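> Okay, structure incoming, though there's no sequence with it:
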């Protein structure tokens, strides 16, 4: 058995629930989060990499989860838009009594994929603006704009929230082509 088998087993045993939680924050759906983690682990460990410790492997898997989420969001939304033609949903939408968790998840679901990824990386992964920009392959100004726009949306859904320091509209650097 090669060294990466041990790393894979240790990663799944020690960090699987944290990875699923991370994927859930992005996807907002437990089964989809499980699928993202599964696919990310396969993608990470099927490539010839020297993964000698769980920390490095988790970093690769988290990056793969983020990439899979961003790449698959568009096709998933197309499929969901047509789902009503095939099946009747068996779960009622969350109502006011569903609790804070459901309200936050619904507010996150209303964000565009890049906005949601920026919010999750900034406030749940506690990455800096520069680290978030690097992880997503965006400029820092773009990250600030996505976070700002997301927080405007989230405030509209949740009322006054305080996730920490946020860029002001004046500090946001406009990306090429104007504001998005």
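Good, I have the coordinates. No experiment lies behind these values; they were computed from the predicted model shown.
> What ranges does the chain have for its helices?
Secondary structure of the chain (DSSP state H): helices at 3-27, 30-46, 54-83, 100-109, 113-119, 129-136, 140-158.
> tell me the most buried of these?
Most buried of these, by mean neighbour count (mean count of other CB atoms under 10 Å): helix 113-119, with a mean of 23. To be clear about C-beta, it is placed using only N, CA and C from the backbone, and glycine gets the same treatment.
> Contacts for that one, please.
With contacts defined as CB atoms under 8 Å, 6 or more residues apart in numbering, helix 113-119 is touched by 26, 66, 69-70, 73-74, 108, 111, 132, 136, 138, 143, 146-147, 149-151, 153-154.
> Residue 130 is in contact with residue 139, isn't it?
No. At 10.1 Å, residue 130 does not count as touching residue 139 under the criterion of CB atoms under 8 Å.
> By mean pLDDT, point me to the weakest helix or strand of this protein.
Counting by mean pLDDT, DSSP states H and E, the chain has its least confident helix or strand at helix 100-109, which shows a mean of 77.
> Which elements pack onto that helix?
With contacts defined as 3 or more CB pairs under 8 Å, 6 or more residues apart in numbering; DSSP states H and E, the packing partners of helix 100-109 are helix 140-158.
> what angle separates the helix it packs on from helix 100-109?
Between helix 140-158 and helix 100-109, the angle comes out at 130 degrees (axes from the mean of the first three to the mean of the last three CA atoms, to 10 degrees).
> same for helix 140-158, what does it pack against?
helix 100-109, helix 113-119, helix 129-136.
> any chance of the ones you listed in CSV, plus distance to residue 18?
Formatted as CSV, the entries for these read as follows, by distance: least, CB to CB, whole Å:
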stretch, distance to residue 18
helix 100-109, 18
helix 113-119, 17
helix 129-136, 17
